[in-house]
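**Q** Sequence first, predicted coordinates after that:
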Amino acid sequence: MEDKFKILVVDDEPEILELLKYNFSKKGLDVSVAKNGEVGLAILEKEIAQVIVLDIMMPVMNGIEMCRKI
């Protein structure tokens, strides 16, 4: 069985997370979501994502800081 292409979406707005997860899932992607960079890094410790869609302006840890830590 072939693994699905994994994508991580990181954004602090629940509506955006829901919309992107729905649309990417419809295209057959395996989608994980995180509400900030800190949660996103925790997800990446457990699973590998081929693509990360990352918001820049978020509380707790912004997208630029998360990108630097990756």
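**A** Arrived safely. Numbers count the residues shown, from 1 in each chain.
**Q** what element comes up after the top helix by length along the chain heading to the C-terminus?
**A** Longest helix in the chain by number of residues, with DSSP state H as the criterion: helix 14-26. Using DSSP states H and E, the helix or strand that follows helix 14-26 in sequence is strand 30-34.
**Q** Could you export that following strand as PDB, CA atoms only?
**A** What follows is strand 30-34, C-alpha atoms only, in PDB (Å, rounded to 0.1, in the frame of the first residue of the first chain):
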ATOM      1  CA  ASP A  30      -2.900  13.200   4.500                       C
ATOM      2  CA  VAL A  31      -3.400  16.500   6.500                       C
ATOM      3  CA  SER A  32      -2.300  17.400  10.000                       C
ATOM      4  CA  VAL A  33      -3.100  20.800  11.500                       C
ATOM      5  CA  ALA A  34      -1.600  22.900  14.200                       C
END
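**Q** Could you find the closest non-adjacent residue to Asp11?
**A** Excluding the flanking residues, the one nearest Asp11 by CB to CB, 6 or more residues apart in numbering is Asp55, at 4.1 Å. For the C-beta atoms, the positions are set from N, CA and C on the backbone; glycine is no exception.
**Q** same thing with Ile48?
**A** Lys6 (6.5 Å).
**Q** measure the one you found to Asn62 for me?
**A** 23 Å (CB to CB, to the nearest Å).
**Q** the more surrounded of these two?
**A** For Lys6 versus Asn62, the count of surrounding residues by other CB atoms under 10 Å is larger for Asn62: 18 against 15.
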